[in-house]
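**Student:** please find the sequence and the predicted model below.
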Amino acid sequence: MTADAVAAPVEIAIIEFPGSRFNGEIVPALSQLVDDGIVAIIDLVLVSKDVDGSVTVLELSELDDETAGAFDDLDGEVGGLLSEDDLMQAAEALSLGSSALMIVWQDTWATRLVEAVAASGGRLVAHDRLDGETVSEILAATGAD
């Protein structure tokens, strides 16, 4: 993916698996999002933090066959965007004895909107994201459906 190809927003997520119990069950959901043209995977790395605090970073090409097999159906240009500093910051957020999937994806679903905003002379001046749990809590507190 070239810099010119990135029109839609790009997001980074760190998904922790306490006790390093990654089993690959999220990969089919990711694959479906890619297959449906909703997102494009840009980078994906596994980070683990041992109980002694030591950190291991594994690219997909470095995984053992069993773990790597979970990603066989995931299509995307994986690799190269996340820096060593990004990965160490992710590791700092992890609990001891946990692992995480650090994933970068482009919201390809938004490409048409981004192009329309630019064509109309508009520009994005602010953007934020709320997680579903926070929104649910706010809606419950306000009594909204």
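**Tutor:** That came in fine, so what should we check first? Numbering: from 1, shown residues only.
**Student:** what about stretch 54-73, distance to the chain center?
**Tutor:** 16 Å (C-alpha atoms, centre = their mean, to the nearest Å).
**Student:** what mean pLDDT does that stretch get?
**Tutor:** Averaging pLDDT along stretch 54-73 yields 75.
**Student:** restrict it to CA atoms and write it as PDB.
**Tutor:** These are the backbone C-alpha positions of stretch 54-73, laid out as PDB (Å, rounded to 0.1, in the frame of the first residue of the first chain):
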ATOM      1  CA  SER A  54      10.300  -9.500  29.200                       C
ATOM      2  CA  VAL A  55       8.800  -8.700  25.800                       C
ATOM      3  CA  THR A  56       8.700 -10.800  22.700                       C
ATOM      4  CA  VAL A  57       7.500  -9.400  19.300                       C
ATOM      5  CA  LEU A  58       6.600 -11.700  16.500                       C
ATOM      6  CA  GLU A  59       5.700 -10.800  12.900                       C
ATOM      7  CA  LEU A  60       3.400 -13.300  11.200                       C
ATOM      8  CA  SER A  61       6.300 -14.900   9.400                       C
ATOM      9  CA  GLU A  62       8.000 -15.700  12.700                       C
ATOM     10  CA  LEU A  63       5.000 -17.500  14.300                       C
ATOM     11  CA  ASP A  64       5.000 -21.300  14.900                       C
ATOM     12  CA  ASP A  65       3.000 -23.300  12.300                       C
ATOM     13  CA  GLU A  66       0.000 -23.800  14.600                       C
ATOM     14  CA  THR A  67      -0.400 -20.100  15.500                       C
ATOM     15  CA  ALA A  68       0.500 -18.900  12.000                       C
ATOM     16  CA  GLY A  69      -2.200 -21.300  10.600                       C
ATOM     17  CA  ALA A  70      -4.900 -19.200  12.300                       C
ATOM     18  CA  PHE A  71      -4.000 -16.300   9.900                       C
ATOM     19  CA  ASP A  72      -3.900 -18.300   6.700                       C
ATOM     20  CA  ASP A  73      -7.200 -16.900   5.500                       C
END
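**Student:** does residue 89 count as helix, strand or coil?
**Tutor:** helix (DSSP: H, G, I helix; E, B strand; the rest coil).
**Student:** for it, grab the count of nearby residues.
**Tutor:** Counted by other C-beta atoms under 10 Å, the residues lying close to residue 89 total 13. C-betas here are computed from N, CA, C, even on glycine.
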